[in-house]
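Q: A structural model of the following input is requested.
(chains A and B)
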2 protein chains.
Amino acid sequence: MARRGREKATAKRDVNYRQLRNPFPPMELFSKDEITSMHETALQTLEDLGIRVLLPQARDIFAKGGAGVKDEMVYIGRDMVEAALASAPKSIECRAGAPHRDIKLELGALTFQPGAGAPHATDLKRGRRPGSARDFNELVRLTQHFDVFQMVAPLIEPQDVPTHLRHYFTLETQLTHSDKFPFIFSRGTPQVMESFEMLANFRGLDADAFEATPHAYTIINTNSPRTLDIPMAQGLIDFAKQGQLSIVTPFTLMGAMAPITVAGAITLSHLEALAAITLTQLVRPGAPVCYGTFTSNVDMKSGSPAFGTPAHFQASLAAGQMARLTGLPWRSAAGSASNLNDVQAANENQMGLWGCLMAGASVIIHSAGWLEGGLSVSYEKLVTDAEVLNMIAELCAGAKAGTEEIGLDALQQVEPSGHFFAADQTMGRYRTEFYEPIVHDYANFGTWTDRGAQDANTRATSVWQDILTRGTGPSVDAARLSELQAYVATRTSAGGAPPES
Amino acid sequence: MARRGREKATAKRDVNYRQLRNPFPPMELFSKDEITSMHETALQTLEDLGIRVLLPQARDIFAKGGAGVKDEMVYIGRDMVEAALASAPKSIECRAGAPHRDIKLELGALTFQPGAGAPHATDLKRGRRPGSARDFNELVRLTQHFDVFQMVAPLIEPQDVPTHLRHYFTLETQLTHSDKFPFIFSRGTPQVMESFEMLANFRGLDADAFEATPHAYTIINTNSPRTLDIPMAQGLIDFAKQGQLSIVTPFTLMGAMAPITVAGAITLSHLEALAAITLTQLVRPGAPVCYGTFTSNVDMKSGSPAFGTPAHFQASLAAGQMARLTGLPWRSAAGSASNLNDVQAANENQMGLWGCLMAGASVIIHSAGWLEGGLSVSYEKLVTDAEVLNMIAELCAGAKAGTEEIGLDALQQVEPSGHFFAADQTMGRYRTEFYEPIVHDYANFGTWTDRGAQDANTRATSVWQDILTRGTGPSVDAARLSELQAYVATRTSAGGAPPES
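A: Presented below is the predicted three-dimensional model:
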């Protein structure tokens, strides 16, 4: 019996972090009546106060769909919103570079992204600096390494790559160093169209296959309050036209660009999201679109943004209730305001994370590495937060309490005050029962001291250095890579494509 | 209208952290059938395999109650367990030193305790050292300072106080520096009886008033697997006899002193808790007793205890399901295995905390300051974890979404792309809307660098130093204090009371 136990113990742990379902019960902040009032206020505001839309083409689409348009203001009727929510898909199959990386976005799904869009990168070896092409490359490779990041994100801005060529670089890097669902910035139609072309060719897809299901996503931030700017409106239109995924995210800070209350801020965020979603459905009914919010508060003493606060947590909960009202998959965000990866950074990020988890977010953005309220991404924090995300992924797998797990025989085998180290149940499971950490250290104080008394950040430095040194990315087809590089070379010679604003 | 807003803004924030209700939806790890199987296995094990009870008096009480006794083994029938669960109170009013500090323990209540029982204390100013009387005093004062700790705990062992006098010192320190619900160690009948006498006299209570409701609590750890030692059994009997609170806590590590599975470990923990609870009810039906568990896993590579792991989280969830089956208030625990207050320590403690919160624990022990799996308590960690607990306490207050909070007028006042800083809604609420942190810093990178680039631990050092310097404790009646000190002096001259083992 002990021998059988030992044989079983050679089994490897097999936990799938790539497709997760949220196991946490959703938490409701507001009553159903309160949520209805917020939704009604949002609809009424869209009808009566309207939203400012800077792109004439978008205003035309809204007008053609039945909206009132006066100068830059667009007044959207509730019937238009309701039609949009009815036609937007509730489940979205996202195609990555390999089938095991595909993800399905819907209510109940759970995906994580590292921190995105930071101007700076920072690590303990090289300090804090403006984000560079090297940083972008390294951070995409680190993202690829951890299965728990199901989507690639533009972690930092590669500021040493000219803006008219940056979209070539960021997409080429994602496609060649990762086979996960990639990101494309909405910085105007020319860049987006070229990016679609690069992506479809690299994946070997004709126009129909490309448009049939999303192969990339973009993040659409409204300019709160109540403004949709030119590149964002273009992004919504271009992505919808070609069946690619827009994740609509009003980014609001309570007390600054949004009302000071959670209820007010989420009402504003909701109406902006509804306007953007409506635009996508007017362009192409059934176009894939995610609902979203990223709402936290400012510190009213200093005016600084704060993250991982009670208000941030509550805003995620409220947004989750609004999202369930729409039925759409949706994104929320964690994050930290700390200036280095310290205890504050860890506590803020995890607090924000639990808000998103209990809110039932389908996509949790900025869930790792994000410092300074998004002004830097830390290599060490990416690793230490990945540890937390891994543990959450473990929780997604649940646990069993069948006869074997309860293990009356183990209780019978071990005398009072004895130990279970040698019990058959233990021998059969000890290699696979528990999560094995990547950076957490369980050594006692003496052993830890003898080994150099390294804190988690120091160990995290070794972890990311090891990953970058070992450097295993996806296998890339040589012919497609050449084509991709040739395309970029040709377009670069032709002058690239500057971003729109 | 703006003026009225400004007037309202002078209101102080008024959040009650002293009596909390758990707002988080309970999470179920196992199905109802699985929980029933675990409970049945526990009952069967108590009947058939029994539990080893080292104290003859306890075996006599069990025997008189109908249990089978053979040598040191006690075999407890399920009818005895069921009777005990029926007579144990489901709601327990705990009397502190001031009415606003009283707490009610029941399912749905939420109380926090700092880390307890560590042999070492550590802080950035004085380093890691064996716990001393000074440390005990300081840590009780820090505990008193933060409302979010509703109970006092014996944070560290004052190793410079002789063991036969230690109970005088620890209780006197709690009573004179805190008006919160105090702790008494179960280290044998003589110490416990003297402690009860000190406490009743200091609170000015006759025997009836003292016994009517708990004025102190103890923690009862079984010696897993299936052993109840002498001082623990004496504690259960002595506390039950005098109507004081026992919090029963099998402390088990999966794969070491408990089965390697969550289901097995919690089944063992459950049966041990049931045995201890049964003893209290045989002594005095209706005696106040909390169900409890503290179950985590060992790292199977090193054999070291791990905390804040997925298995720890799941064990809390499973224990919560068992506790709800008993209907009793119950305790769980957070904690960290890290050797210093770093990112690992923060992440582990918070992960453990969320397990307890979603498990619906009524008392969360070791929720702040606990490092090295309980071998040290950190002053800085006490502060940084208190920040997290404060934020959770804020979440307990919920939020409203009435007409004022949704604030259509605020949406109307602010133009597209404008800001809400000057909106009436903002002006009326900006002083009170958001939680104000004690150690988290929201300054931007430049300002933070100019101020000395302090990490959270460095700031936490200033926080605890300030609290100890300002030194506000409860007011203490001079006559009662003299009596207490005279009692201690007399007993000390008479030779004190050594602990039992």
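Q: And the residue of the stretch 51-200 of chain A that's closest to chain B?
A: residue A:52 (3.8 Å; CB to the nearest CB). Heads up, the C-betas are built off the backbone N, CA and C, glycines and all.
Q: Am I right that that residue sits in a helix?
A: No - counting by DSSP: H, G, I helix; E, B strand; the rest coil, residue A:52 falls outside a helix, being strand.
Q: How many neighbouring residues does it have?
A: The criterion is other CB atoms under 10 Å in any protein chain shown. On that basis, residue A:52 has 20 neighbouring residues.
Q: ok, now the one 3 residues further on?
A: By other CB under 10 Å, 20 other residues sit near residue A:55.
Q: these two touch, right, it and residue A:235?
A: No - assessed by CB atoms under 8 Å, residue A:55 is found out of contact with residue A:235, at 10.0 Å.
Q: so where's chain A uncertain?
A: Applying pLDDT under 70 to chain A flags residues A:1-12.
Q: so how far is residue B:299 from residue A:458?
A: 19 Å (CB to CB, to the nearest Å).
Q: rewinding a little: hey, what's the residue of the stretch 51-200 of chain A closest to chain B bridged with?
A: residue A:73, residue A:227 (DSSP bridges).
Q: Enumerate the residues of the stretch 51-200 of chain A near chain B.
A: A:51, A:52, A:73, A:128 (CB under 8 Å from any CB of the partner chain).
Q: Tell me which stretches of the stretch 201-350 of chain A form strands.
A: A:217-220, A:227-228, A:245-248, A:251-254, A:289-292, A:294-298, A:305-306, A:330-333 (DSSP state E, counting those that start in this stretch).
Q: list the buried ones in the first one?
A: Just to be clear, that refers to strand A:217-220. Of the residues in strand A:217-220, A:217, A:218, A:219, A:220 count as buried by neighbour count, 16 or more other CB atoms under 10 Å in any protein chain shown.
Q: Serialize the residues you listed to a markdown table and add fields for distance to chain B.
A: Formatted as a markdown table, the buried residues of strand A:217-220 follow (distance: CB to the nearest CB, whole Å):
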| residue | distance to chain B |
| --- | --- |
| A:217 | 26 |
| A:218 | 21 |
| A:219 | 19 |
| A:220 | 16 |
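Q: Just the closest of these to residue A:78, please.
A: For the buried residues of strand A:217-220, the minimum distance to residue A:78 (CB to CB) is 21.5 Å, reached by residue A:220.
Q: Any figure for the gap between the closest one and residue A:484?
A: 26 Å.
Q: Then residue A:107?
A: 35 Å.
Q: cool, and residue A:419?
A: Taking CB to CB, one finds residue A:419 at 58 Å from residue A:484.
Q: higher neighbour count, these two?
A: residue A:484 (21 against 16).
Q: give the contact list for the closest residue to that one other than its chain neighbours.
A: Nearest non-adjacent residue to residue A:484, counting by CB to CB, 6 or more residues apart in numbering or on different chains: residue A:202, 5.3 Å away. Contacts for residue A:202 (CB atoms under 8 Å, 6 or more residues apart in numbering or on different chains) come out as A:175, A:480, A:483, A:484.
Q: how about the last one, what does it touch?
A: It refers to residue A:484. A:172, A:175, A:176, A:198, A:201, A:202.
Q: Tell me the buried residues within these.
A: By 16+ other CB under 10 Å, those give A:172, A:175, A:176, A:198, A:202 as buried.
Q: Make sure the fourth one is actually in contact with residue A:171.
A: Yes - counting by CB under 8 Å, a contact exists between residue A:198 and residue A:171, whose distance comes to 5.5 Å.
Q: sorry, back to before: Throw the strands of the stretch 201-350 of chain A into CSV and include distance to residue A:345, thanks.
A: Below are those laid out as CSV (distance: least, CB to CB, whole Å):
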stretch, distance to residue A:345
strand A:217-220, 22
strand A:227-228, 31
strand A:245-248, 25
strand A:251-254, 19
strand A:289-292, 23
strand A:294-298, 15
strand A:305-306, 13
strand A:330-333, 15
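Q: Tell me which of these approaches residue A:321 most closely.
A: Here strand A:330-333 is closest among the strands of the stretch 201-350 of chain A (CB to CB), at 10.7 Å.
Q: so does the helix or strand hosting residue A:427 get close to chain B?
A: Element membership for residue A:427, per DSSP states H and E: helix A:424-429. Yes - against chain B, helix A:424-429 shows contacts by CB under 8 Å from any CB at A:425, A:426, A:429.
Q: residues touching the first one, list them.
A: Yep, that's residue A:425 we're talking about. Residue A:425 makes contact with A:5, A:404, A:407, A:409, A:410, B:259, B:260, B:261, B:264, according to CB under 8 Å, 6+ apart.
Q: Out of those, name the ones that lie in helices.
A: A:5, A:404, A:409, A:410, B:264 (DSSP state H).
Q: does the last one really touch residue A:409, like I thought?
A: No - between residue B:264 and residue A:409 no contact is recorded; they are 9.8 Å apart, counting by CB under 8 Å.
Q: More neighbours: which of these two?
A: More crowded of residue B:264 and residue A:409, by other CB under 10 Å: residue B:264, with 30 against 16.
Q: Tell me how far that one lies from residue B:305.
A: For residue B:264, the distance to residue B:305 - CB to CB - is 17 Å.
Q: what's the answer for residue A:184, then?
A: From residue A:184 over to residue B:305 (counting by CB to CB), the distance is 47 Å.
Q: Please identify which of the two sits among more neighbours.
A: Higher neighbour count among residue A:184 and residue B:305: residue A:184, with 27 against 22, using other CB under 10 Å.
Q: re earlier: how far does the helix holding residue A:427 sit from its chain's centre?
A: 38 Å (CA atoms, centre = their mean, to the nearest Å).
Q: now swap in stretch A:38-46 and tell me
A: 27 Å.
Q: quick one: is it near chain B?
A: Yes - for stretch A:38-46 and chain B, the contact criterion (CB under 8 Å from any CB) is met by A:38, A:41, A:44, A:45.
Q: Next up, the contacts around the second one.
A: It stands for residue A:41. A:267, B:406, B:408, B:411.
Q: Neighbour count added to those residues, as CSV?
A: Shown next, in CSV, are the contacts of residue A:41 (neighbours: other CB atoms under 10 Å in any protein chain shown):
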residue, neighbour count
A:267, 29
B:406, 28
B:408, 21
B:411, 25
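Q: Export these to a markdown table and append columns for distance to residue B:275.
A: Listed next are these as a markdown table, based on distance: CB to CB, whole Å:
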| residue | distance to residue B:275 |
| --- | --- |
| A:267 | 54 |
| B:406 | 54 |
| B:408 | 60 |
| B:411 | 61 |
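Q: from those, which is closest to residue A:466?
A: Distances from residue A:466 to those, taken by CB to CB, are shortest for residue A:267, at 47.0 Å.
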